[in-house]
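# Compute the structure for the input listed below.
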Amino acid sequence: MLDHLRPFLTSRKYARRIRSYAFVGLLAATLFAVSACGESNQRSAGPPATPSTTTGTTSTTTGGIDPLEGADTTPVEGESTASETALLERIALGRHEGYDRVVFQFRAQLPGYRVEYVQRPLKEDGSGNPVEIQGGAVVLVRMEPASGFDLTTGEGVMVYKGARRLEGSAAGTAVIRELVRTGDFEAVLSWAIGLEERVDFRVSAATSPARLIVDFRNH
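Numbers count the residues shown, from 1 in each chain. All right, here's what the predicted structure looks like:
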């Protein structure tokens, strides 16, 4: 049956037609595969993934909570827990959200104290020399028995080795202008705090180490 077709099947015309059909079939198969692959990729991609971490701005507000609840301008007193003279080791100044802070740190024991607004002029305990201080208002912190000098060891040892006058600007405080020692005499230690204006304050104490903390509202 195929004898009469053999000349056609073996002709060059037939060979060209077969190659054309094969090329068209291969091209169609390739396009189908590419299309299927594209659809698969679109389905698997889905929506963008949510980042595992987020960023934001840090709030500088206190969320409506008063950081100095109970603060006012009346004098504050506290009794001593020391069996002997409390020794001042260091003083720290700092600014916090809503208040400026002064910290008097003592070795082991906390002296008695009185913190109150006072009027100028200020005088140094013992000598009576006038003491200048910056600010529109002054709070005096009087502590006893307390000292920055230990008299119980031989000729005595200087325990507090810091400055006698501290600038609030160096610590970035908003309302505290200056901190000045006004006396260290006969176990009575006093420091004056110069403020930009008269503001509420709060006094607290802490242990380990022993600290007297005075906070001033700064807004």
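# Helix or strand next in line after the worst-scoring helix or strand of the chain on mean pLDDT, which one?
When the helices and strands of the chain are scored by mean pLDDT, DSSP states H and E, helix 12-45 comes last with a mean of 40. Once helix 12-45 ends, the next helix or strand along the chain (criterion: DSSP states H and E) is strand 76-78.
# From the contact counts, what lies against the following helix or strand past that next one?
Per DSSP H and E, the first helix or strand lying C-terminal to strand 76-78 is strand 86-96. Strand 86-96 sits against strand 99-107, strand 146-147, helix 168-171, strand 176-185, with contacts defined as 3 or more CB pairs under 8 Å, 6 or more residues apart in numbering; DSSP states H and E. C-beta here means a position set from N, CA and C on the backbone, and glycine is covered the same way.
# Strand 86-96 pairs with which strands, parallel or anti?
If you go by DSSP bridges, strand 86-96 pairs up with strand 99-107 (antiparallel), strand 146-147 (parallel).
# any idea how far the most centrally placed residue in the chain is from residue 196?
The geometric centre of the chain, computed from its C-alpha atoms, lies nearest to residue 96 (CA atoms, centre = their mean), at 8.1 Å. As for residue 96, its distance to residue 196 is 16 Å (criterion: CB to CB, to the nearest Å).
# Residue 112 now?
For residue 112 relative to residue 196 (CB to CB), the value is 28 Å.
# ok, now residue 114?
Taking CB to CB, one finds residue 114 at 23 Å from residue 196.
# again, but for residue 65
On the measure of CB to CB, residue 65 and residue 196 end up 24 Å apart.
# if you count what's nearby, which of those two comes out ahead?
residue 196 (18 against 8; other CB atoms under 10 Å).
# Surely that one and residue 178 touch.
No - counting by CB atoms under 8 Å, residue 196 does not reach residue 178; the two are 10.3 Å apart.
# Okay, domains of this structure per the record?
The chain breaks down by automatic domain parsing into domains covering 6-43, 76-217.
# which stretch in those has the least confidence?
Ranked by mean pLDDT, the domains of the chain bottom out at domain 6-43, with a mean of 42.
# List phi and psi for the closest residue to residue 79 other than its chain neighbours.
The shortest distance from residue 79 to any non-neighbouring residue, by CB to CB, 6 or more residues apart in numbering, is to residue 112 (5.2 Å). Main-chain dihedrals, residue 112, degrees, to the nearest 10: phi -70, psi 160.
# State the distance from residue 112 to residue 145.
8 Å.
# Now the common contact residues for those two.
residue 80 (CB atoms under 8 Å, 6 or more residues apart in numbering).
# what bridges to residue 137?
residue 195.
# And for it, the neighbour number?
19.
# Now do the same contact list for it.
Per CB under 8 Å, 6+ apart, neighbours of residue 137: 117, 194-199.
# Pipe those into JSON lines and attach distance to residue 77 per row.
Listed next are the contacts of residue 137 as JSON lines, based on distance: CB to CB, whole Å:
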{"residue": "117", "distance to residue 77": "14"}
{"residue": "194", "distance to residue 77": "22"}
{"residue": "195", "distance to residue 77": "20"}
{"residue": "196", "distance to residue 77": "25"}
{"residue": "197", "distance to residue 77": "24"}
{"residue": "198", "distance to residue 77": "19"}
{"residue": "199", "distance to residue 77": "20"}
